[in-house]
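Asks: below are the sequence and a predicted model for it; my questions follow.
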Amino acid sequence: MKQTRREFLKAGTLAAFTLPLAAGAWPLRPDELFEISLAQWSLNRSIFAGRIDNLEFAGIAAENGIYGIEYVNQFFMDKAEDTAYLAEMKQRADDAGVTSILIMCDREGRLGDPDTDARRESVERHFKWVTAARYLGCHSIRVNGYSEGSYEEQMKLVADGMHQLCEFGDEHGLHVIIENHGGYSSNGKWLRDTIRMADHPRAGTLPDFGNFRISGEETYDSYRGVEELMPYATGVSVKPMVFDDHGNASPLDYERMMKIVLDAGYNGFAGIEHGPEDREIEGILEVKAALEAARDALASRME
């Protein structure tokens with residue numbers, strides 16, 4: 001049977017971020033399970049305060065033994081089309097020996113805006129980040145699934161905006177992924193079904209372990225949410241606190257969560273997104289150590 005373009009792209013997506021694992025058997029070497037990356041938001045306080053420059057990010061990650069980086073567009077908001085600046089970012093990453101993974105994109109309007117023109121404008125405002133991500137060597141941009149209206153209305157509107165943006169992403173070989181990031185997007189089932197409705201092989205998710213607060217005290221179980229989103233994931237964002245369905249927060253069970261991630265067939269980068277005030281680096285290294293311990297423990301089960 002002839003393979004359709006959609007099937008071809010979906011197969012390519014899975015191959016790009018996972019390695020085929022036999023049922024019930026994972027690779028034995030810990031470094032084959034997953035790699036560790038650093039989300040730039042972990043350093044947001046120092047960057048906003050001017051203590052760290054955006055161009056220093058790649059070097060800081062490498063200095064702390066982390067060799068994958070996830071950019072945040074807010075830290076170079078006016079540089080998306082500045083080729084010289086992007087070239088410097090790319091060179092810094094190359095010099096540090098790190099892999100550029102994605103750009104987290106905010107402040108570009110609502111992809112699910114109820115107004116058709118505003119929704120299209122938001123889609124087009126993301127175009128420059130697609131081309132910037134491609135230039136930097138990233139595989140994805142992370143967007144937000146924001147809208148207004150009923151549960152079903154928001155799903156349809158965000159899916160439409162996503163499909164439009166994915167069509168552009170397809171032209172550049174880039175994936176467009178939504179993070180659970182508040183509102184209905186922090187409902188795992190809603191986001192999963194929205195990605196399905198977007199109906200494009202470039203549409204995916206960035207499950208964030210700690211971002212399952214829908215609004216106020218309304219939360220969604222982090223472990224269930226990640227399990228629902230992993231079939232569409234091209235990355236995961238690691239925070240050390242998780243939620244249940246009743247507004248309760250608790251420390252992340254790293255082994256339990258990373259087993260969910262691995263059982264979905266994913267073994268790409270796990271991105272640390274944690275930087276406590278006045279101890280950003282210390283917080284990052286604590287999460288790194290916990291991820292490494294979980295990885296070692298999971299690998300030992302296969303020996």
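Replies: Structure received. Numbers count the residues shown, from 1 in each chain.
Asks: hmm, who's touching stretch 144-156?
Replies: Stretch 144-156 has contacts (CB atoms under 8 Å, 6 or more residues apart in numbering) with 105-106, 110-114, 157-158, 162, 178-179, 181-185, 190-191, 193-194, 197. Quick note: C-beta positions are derived from backbone N, CA and C, even for glycine.
Asks: filter those residues down to the buried ones, ChimeraX style.
Replies: Only the buried members of the contacts of stretch 144-156 end up in this ChimeraX selection, burial being decided by 16 or more other CB atoms under 10 Å:
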select :105,110,111,112,113,157,158,162,178,179,181,183,184,185,190,191,193,194,197
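Asks: can you flag which of the contacts of stretch 144-156 belong to helices?
Replies: 157, 158, 162, 190, 191, 193, 194, 197 (DSSP state H).
Asks: as a markdown table, the residues you listed with distance to residue 66 would be great.
Replies: Shown next, in a markdown table, are the ones in helices among the contacts of stretch 144-156 (distance: CB to CB, whole Å):
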| residue | distance to residue 66 |
| --- | --- |
| 157 | 37 |
| 158 | 32 |
| 162 | 30 |
| 190 | 32 |
| 191 | 27 |
| 193 | 34 |
| 194 | 31 |
| 197 | 35 |
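Asks: closest to residue 263 among those?
Replies: Using CB to CB, residue 191 comes nearest to residue 263 of these, at 19.2 Å.
Asks: quick one: contacts for the nearest residue to the closest one once chain neighbours are set aside?
Replies: Using CB to CB, 6 or more residues apart in numbering and skipping residues adjacent in sequence, the residue nearest residue 191 is residue 185, 5.3 Å away. Counting by CB under 8 Å, 6+ apart, residue 185 touches 144, 145, 146, 158, 178, 179, 191, 194.
Asks: ok, now which ones touch the residue minimising distance to the centre of the chain?
Replies: Here the mean C-alpha position of the chain is nearest to the C-alpha of residue 206 (CA atoms, centre = their mean), at a distance of 3.5 Å. Residue 206 is in contact with 102, 140, 142, 177, 178, 179, 233, 234, 235, 236, 237, counting by CB under 8 Å, 6+ apart.
Asks: ok, for it, nearest residue in space, not its chain neighbours?
Replies: Nearest non-adjacent residue to residue 206, counting by CB to CB, 6+ apart: residue 179, 4.2 Å away.
Asks: what's the distance between that neighbour and residue 40?
Replies: 14 Å (CB to CB, to the nearest Å).
Asks: okay, and the common contacts of the two?
Replies: In contact with both residue 179 and residue 40: residue 104, using CB under 8 Å, 6+ apart.
Asks: how many residues are close by residue 262?
Replies: Applying other CB atoms under 10 Å, we find 19 other residues in the vicinity of residue 262.
Asks: what about the helices in the stretch 151-300 of the chain?
Replies: 151-171, 188-198, 222-229, 254-263, 280-300 (DSSP state H, counting those that start in this stretch).
Asks: of the ones you listed, which stretch is the most buried?
Replies: Most buried of those, by mean neighbour count (mean count of other CB atoms under 10 Å): helix 222-229, with a mean of 22.
Asks: list of residues touching that helix?
Replies: Against helix 222-229 from outside (CB under 8 Å, 6+ apart): 180, 186-189, 191-192, 205, 207, 209-210, 212, 236, 242-244, 252, 256-257, 260-261, 264.
Asks: off-centre distance for that helix?
Replies: Its chain's average C-alpha position is 14 Å from that of helix 222-229, according to CA atoms, centre = their mean, to the nearest Å.
Asks: next, the angle helix 254-263 makes with that helix.
Replies: In terms of direction (axes from the mean of the first three to the mean of the last three CA atoms, to 10 degrees), helix 222-229 departs from helix 254-263 by 10 degrees.
Asks: and helix 222-229, average pLDDT?
Replies: Average pLDDT, helix 222-229: 98.
Asks: tell me the buried residues in stretch 124-136?
Replies: 125, 126, 127, 129, 130, 131, 132, 133, 134, 135, 136.
Asks: using CSV, lay out the residues you listed together with pLDDT.
Replies: Formatted as CSV, the buried residues of stretch 124-136 follow (pLDDT from 0 to 100):
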residue, pLDDT
125, 98
126, 98
127, 99
129, 99
130, 98
131, 98
132, 98
133, 98
134, 98
135, 98
136, 98
